[in-house]
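A.B. asks: The following block contains a protein sequence and its predicted model.
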There are 2 protein chains.
Amino acid sequence: MNSQPIGVFDSGIGGLTVVRSLMEHLPHENLIYFGDTARVPYGSKSSQVIREYAIQDTEFLLSKNVKMIVIACNTVSSVALDVVIKRSKLPVIGVIQPGAETAVKSTKNKRIGVIGTPATILSNTYTNTIRQIDSSIETFSRACPLFVPLAEEGFIEHPATELIAKEYLFDLKLKKIDTLILGCTHYPILSKIIQKVIGDNVNLIDSGECAAHQVKKVLEETGLKNLSKLKANLEFYVSDLPHKFTEIGERFLGKKMGKVKVVHL
Amino acid sequence: MNSQPIGVFDSGIGGLTVVRSLMEHLPHENLIYFGDTARVPYGSKSSQVIREYAIQDTEFLLSKNVKMIVIACNTVSSVALDVVIKRSKLPVIGVIQPGAETAVKSTKNKRIGVIGTPATILSNTYTNTIRQIDSSIETFSRACPLFVPLAEEGFIEHPATELIAKEYLFDLKLKKIDTLILGCTHYPILSKIIQKVIGDNVNLIDSGECAAHQVKKVLEETGLKNLSKLKANLEFYVSDLPHKFTEIGERFLGKKMGKVKVVHL
């Protein structure tokens, strides 16, 4: 069981930032990644459709005999964690709980901001999770729909991105938050501009990075950790291989991707 | 046959700008619109996946007993016109040929620019179609991936949109084009900024508007025109009904939408 891969899925390529963190913290774990690039993005769609897609993504990973499932996508973690747990009957790690816990530990003034896709923000899952941990904390949320296409287009330090960030983050800045959850896997790509606009006194929380720590903890607790010291095996699957996929993917992964296979769900 | 509806499909809501033109020019034609909002956008995906989706969209319209099919989406018109014709065996109007013909008539200096999604630009369909009409015309193309999310987010006259437009259109401006094809149904929403950036001396061609004229012509030629003078019936179907759908849809349609039905393909 221990040498079986961890399955990671995402609506597209954003989840590769989570794979990057997993590789860093768990270099001997075999990984299988599935990105639903034929139907990306999920974040602007209804929760009903997102839940259907999440079940199909889970079934693909189960067919690959994974030992654990990591939902790299904040949108899926927000609206479909329960269906993935029910369908897979495996340990499932979403990005919301680890991100929320880290933010609660970080805040001093008990004012936390959350940014994400429209579906993530509309679900209120971050707010509800934070309140369950500490009901005295106030949260302030904002959907930032243009951050995903800006990150994918490579407008990383572009003046247009800064203008848009100023508009999106204006209210959060007024609320005097001291902690901001980057509630979408694409947003760490834009963290430099987000930090500049929101101010140096605000601690940015990368929920994908937090999830990688949680995966490590659960592997140890459940005895599922791979004890092999061999170089880990990484496999990448997508539902479509569009133009520039590898170029964008490697920007997110921070290294060469190797072979990517296309599967039809 | 004549009172049967015209079927219009698009990857999402952008095609409503084409419906707007059809309603204006053919007020007595019954229309059925299908927007594949569960899988939008198509323009960043591979032509193989787009062709599969186009077949499914066509089959939905055929199940509604349409008399003609209008492909409102430039991306589908660019890479999948042949499969829609083959599957439907009906008159099929795409947006490329009408847009290209109008641009050829418009240009004086024989230099035409084309902007569209990555899939549309990569396909070279506009360039090939223009060259078939007049091989002495030079074309210059540029994919503008951020224009779709900017239009959907309502950043219509936003300084960030202008900055991005300046970057996207910089090379086309240098090429001294006198005609620019708006090769995506979303782009007419941004025409004010596009015109400002590219200059008043450049004639913008709305390919959806051109397609509406072509539909009128074909209806007359084939005797398929609806002779009834009753108020036309409009039906809207989508594969997902996301948050803010009606708000964005009405911005594109230019009027109230009425009831929208969700169908699973």
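C.D. replies: Nice, thanks for sending it over. Model, not experiment: these values are computed from the prediction. Numbers count the residues shown, from 1 in each chain, chains lettered A, B, ... in the order given.

A.B. asks: When you work out contacts or count neighbours from here on, use the C-alpha atoms and nothing else.
C.D. replies: OK.

A.B. asks: Can you spell out which helices and strands pack onto the helix or strand residue A:87 falls within?
C.D. replies: Residue A:87 is located in helix A:74-88, with elements delineated by DSSP states H and E. Where contact means 3 or more Cα pairs under 8 Å, 6 or more residues apart in numbering or on different chains; DSSP states H and E, helix A:74-88 is packed against helix A:47-63, helix A:96-106, helix A:118-123, helix A:125-133.

A.B. asks: Please repeat the previous calculation with a cut-off of 7 Å.
C.D. replies: Here helix A:74-88 touches helix A:47-63, helix A:96-106, helix A:118-123, going by 3 or more Cα pairs under 7 Å, 6 or more residues apart in numbering or on different chains; DSSP states H and E.

A.B. asks: on contacts alone, who are the packing partners of the last one?
C.D. replies: Think helix A:118-123. helix A:74-88, strand A:138-143.

A.B. asks: Restricting to C-alpha, output the helix or strand following the last one in PDB.
C.D. replies: Of the helices and strands lying after strand A:138-143 in sequence (DSSP H and E), the nearest is helix A:147-152. Presented in PDB, the C-alpha positions along helix A:147-152 are these (Å, rounded to 0.1, in the frame of the first residue of the first chain):
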ATOM      1  CA  PHE A 147      -6.500  36.500 -11.400                       C
ATOM      2  CA  VAL A 148      -6.800  33.000 -13.000                       C
ATOM      3  CA  PRO A 149      -6.600  34.200 -16.700                       C
ATOM      4  CA  LEU A 150      -3.900  36.800 -15.800                       C
ATOM      5  CA  ALA A 151      -1.700  34.100 -14.100                       C
ATOM      6  CA  GLU A 152      -2.200  31.700 -17.100                       C
END
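
A.B. asks: any idea of the mean pLDDT for helix A:147-152?
C.D. replies: Mean pLDDT, helix A:147-152: 94.

A.B. asks: Other residues contacting it?
C.D. replies: Identification of contacts with helix A:147-152 by Cα atoms under 7 Å, 6 or more residues apart in numbering or on different chains yields A:161, A:186, A:187, A:189, A:190, A:248, B:146.

A.B. asks: So which residues on chain A come close to chain B?
C.D. replies: A:38-40, A:44-46, A:49, A:146, A:149, A:160, A:163-164, A:240-243 (Cα under 7 Å from any Cα of the partner chain).

A.B. asks: quick one on the thing from earlier: and the following helix or strand past the helix holding residue A:87, how far out from the chain's middle?
C.D. replies: Per DSSP H and E, the first helix or strand lying C-terminal to helix A:74-88 is strand A:92-93. Computed by Cα atoms, centre = their mean, to the nearest Å, the separation of strand A:92-93 from the middle of its chain amounts to 12 Å.

A.B. asks: and the residue of the stretch 51-200 of chain A found nearest chain B, what does it touch?
C.D. replies: The stretch 51-200 of chain A approaches chain B most closely through residue A:160 (4.6 Å), counting by Cα to the nearest Cα. Taking Cα under 7 Å, 6+ apart, we find residue A:160 in contact with B:160, B:163, B:164.

A.B. asks: what pLDDT does the first one get?
C.D. replies: According to the prediction, residue B:160 has pLDDT 98.

A.B. asks: again, but for the last one
C.D. replies: The per-residue pLDDT reported for residue B:164 equals 98.

A.B. asks: Tell me which helix or strand residue A:165 sits in.
C.D. replies: helix A:159-174.

A.B. asks: nope, residue A:252 is what I meant
C.D. replies: Using DSSP H and E, residue A:252 falls in helix A:245-253.

A.B. asks: what's the offset of the helix or strand following that helix from the middle of its chain?
C.D. replies: Counting by DSSP H and E, the element after helix A:245-253 in chain order, helix or strand, is strand A:260-262. Counting by Cα atoms, centre = their mean, strand A:260-262 is centred 21 Å from the centre of its parent chain.

A.B. asks: Please apply the same query to stretch A:156-173.
C.D. replies: 21 Å.

A.B. asks: Ok, stretch A:86-94 next?
C.D. replies: 16 Å.

A.B. asks: do the same with stretch A:49-65
C.D. replies: Counting by Cα atoms, centre = their mean, stretch A:49-65 comes out at 16 Å from the chain centroid.

A.B. asks: How about stretch A:63-79?
C.D. replies: 10 Å.

A.B. asks: Please apply the same query to stretch A:254-265.
C.D. replies: 18 Å.

A.B. asks: Would you write a PyMOL line that selects the buried entries of the residues of chain A next to chain B?
C.D. replies: This is the PyMOL syntax for the buried subset of the residues of chain A next to chain B, where burial follows 16 or more other Cα atoms under 10 Å in any protein chain shown:
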select buried, chain A and resi 38+39+40+44+45+46+49+146+149+160+163+164+240+241+242
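
A.B. asks: Now flag whichever of the residues of chain A next to chain B is closest to residue A:257.
C.D. replies: Checking the residues of chain A next to chain B against residue A:257 by Cα to Cα gives residue A:241 as the nearest, at 13.1 Å.

A.B. asks: what about that closest one, distance to residue A:65?
C.D. replies: Taking Cα to Cα, to the nearest Å as the measure, residue A:241 and residue A:65 are separated by 23 Å.

A.B. asks: wait, what's in contact with the closest residue to residue A:90 other than its chain neighbours?
C.D. replies: Once flanking residues are discounted, residue A:90 sits nearest to residue A:68: 5.7 Å by Cα to Cα, 6 or more residues apart in numbering or on different chains. Contact analysis of residue A:68 by Cα under 7 Å, 6+ apart lists A:6, A:7, A:90, A:91, A:92.
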